[in-house]
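Participant: Structure for the following, please:
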Amino acid sequence: MLGRMTSIGLLAFAFAATAVASDIDKKIVALAGVVPDRSFVLMDVPDAHDFIANKMLIVSLNAGSSSDAAQQIVGQLLQPSSKPFAVLGRNDAVAAATLRRALRELKGKGGAVGEVAFIGDKKFQRDLSKIAAEANVTLIYAAYP
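Facilitator: Numbers count the residues shown, from 1 in each chain. I've put the predicted structure just below:
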């Protein structure tokens, strides 16, 4: 499964959000609140749309298997001139496990540059921040909800 990447100006999106916005829309607005006046490439990490399948995906990523979405993150972070990007998904645990896998793959490679934002549950912040620092990547965290 490939993640969907979209470039968006966060401030413009925040003003366009409405009361009937989806969770993804609300997560983007949360990021705009943390880093106003910035533009990010958004990566919507797909989930398996099923509780058991999502749990299996998370276990697989944590055990060392990779995914197309994790490889896209690695590729983005290895590009020195890349635009900052944000990782989010409908399932925060799947998105966090995907970002964690990508950061672990970067650890020790020495070529990682740039920054990545994660938009999701605050419970993933400590772990992701530690792994990002070890991979020489700046992590911007936007807690949602």
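Participant: switch to C-alpha atoms for all contacts and neighbour counts from now on
Facilitator: Will do.
Participant: which residues does the residue sitting nearest the centre point of the chain form a beta bridge with?
Facilitator: Nearest to the mean C-alpha position of the chain, by Cα atoms, centre = their mean, lies Val87 at 1.8 Å. Counting by DSSP bridges, Val87 is bridged to Met43, Phe118.
Participant: what residues are up against it?
Facilitator: Leu42, Met43, Asp44, Val45, Ala95, Leu99, Val116, Ala117, Phe118, Ile119 (Cα atoms under 8 Å, 6 or more residues apart in numbering).
Participant: so where do the helices sit in this structure?
Facilitator: 10-16, 23-34, 51-63, 68-77, 92-106, 125-134 (DSSP state H).
Participant: What mean pLDDT does the fifth one get?
Facilitator: Just to be clear, that refers to helix 92-106. Averaged across helix 92-106, pLDDT comes to 96.
Participant: Let's see it as CSV, backbone CA atoms only.
Facilitator: Extracted in CSV, the C-alpha atoms of helix 92-106 (Å, rounded to 0.1, in the frame of the first residue of the first chain):
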residue,chain,number,x,y,z
ASP,A,92,-2.7,6.8,14.6
ALA,A,93,-1.2,3.5,15.7
VAL,A,94,-0.6,2.4,12.1
ALA,A,95,0.8,5.8,11.1
ALA,A,96,3.1,5.9,14.2
ALA,A,97,4.3,2.3,13.5
THR,A,98,5.0,3.3,9.9
LEU,A,99,7.0,6.4,10.9
ARG,A,100,8.8,4.4,13.6
ARG,A,101,9.9,1.8,11.0
ALA,A,102,11.1,4.4,8.6
LEU,A,103,13.1,6.2,11.3
ARG,A,104,14.7,2.9,12.4
GLU,A,105,15.7,2.2,8.8
LEU,A,106,17.4,5.7,8.7
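Participant: outside of stretch 91-108, which residues touch it?
Facilitator: In contact with stretch 91-108 (Cα under 8 Å, 6+ apart) are residues 45-47, 54, 57-58, 61-62, 64-67, 69-71, 73-74, 87-89, 112, 118, 120-121, 124, 128, 131-132, 134-136.
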